[in-house]
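Visitor: sequence and predicted structure below; questions after.
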Amino acid sequence: MIAYKLFRVLKNGDITPLFINKKYRLPIDEWLEAESHPTKGYKYRPRWHCTSQPYAPHLTEKGRKWYEIEMEDYEEFQRPNSQGGLWFLANKIKIIKPHTNG
């Protein structure tokens, strides 16, 4: 299933997770298993967090970009509209390409 995920974009074009394990450079077009990285100051939330649309108004897009992703082994997770509405918690994702508005 296709979904969307916001990633941090480095000056050299590499992408990383937004908050947890953010030094890890993410490959495009490879299946990635979710890992657990408990981090002080953050609630424990394992799995990849993805959205049903490229929209999460509570997150800044400065220095970040939406990507289309493919998911396997996921469940739906309803969030308030102010956080983008329907999210998915996925055990496995593949980053496909940057999202374009066209």
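Guide: Received it, and whenever you're ready, just let me know what you need. Everything quoted here is computed from the prediction, not taken from an experiment.
Visitor: could you dump stretch 38-55 to PDB, C-alpha only?
Guide: Output in PDB follows, covering the C-alpha atoms of stretch 38-55 (Å, rounded to 0.1, in the frame of the first residue of the first chain):
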ATOM      1  CA  PRO A  38      14.200   4.100  22.900                       C
ATOM      2  CA  THR A  39      15.300   7.700  23.200                       C
ATOM      3  CA  LYS A  40      15.300   9.900  26.300                       C
ATOM      4  CA  GLY A  41      12.700  12.600  26.100                       C
ATOM      5  CA  TYR A  42      10.500  10.700  23.600                       C
ATOM      6  CA  LYS A  43       7.600   8.400  24.100                       C
ATOM      7  CA  TYR A  44       8.300   4.800  23.100                       C
ATOM      8  CA  ARG A  45       6.700   4.400  19.700                       C
ATOM      9  CA  PRO A  46       8.100   1.500  17.700                       C
ATOM     10  CA  ARG A  47       7.400   1.000  14.000                       C
ATOM     11  CA  TRP A  48       7.500   3.400  11.100                       C
ATOM     12  CA  HIS A  49       4.900   6.200  11.400                       C
ATOM     13  CA  CYS A  50       3.400   7.000   8.000                       C
ATOM     14  CA  THR A  51       0.400   9.100   6.800                       C
ATOM     15  CA  SER A  52      -2.400   8.500   4.400                       C
ATOM     16  CA  GLN A  53      -1.700  11.800   2.700                       C
ATOM     17  CA  PRO A  54       1.400  14.100   2.600                       C
ATOM     18  CA  TYR A  55      -0.100  16.300   5.400                       C
END
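Visitor: start the count at 310, not 1, going forward
Guide: Sounds good: first residue 310 from here, last item stretch 347-364.
Visitor: now that stretch: buried residues?
Guide: In terms of neighbour count (16 or more other Cβ atoms under 10 Å), stretch 347-364 has its buried residues at 356, 357, 358, 359, 360, 363. Any C-beta I mention is one placed from the backbone N, CA and C, and that applies to glycine too.
Visitor: any idea which helix or strand comes after the worst-scoring helix or strand of the chain on mean pLDDT?
Guide: The helix or strand of the chain with the poorest confidence is strand 357-360; it has a mean of 94 (mean pLDDT, DSSP states H and E). Using DSSP states H and E, the helix or strand that follows strand 357-360 in sequence is strand 373-387.
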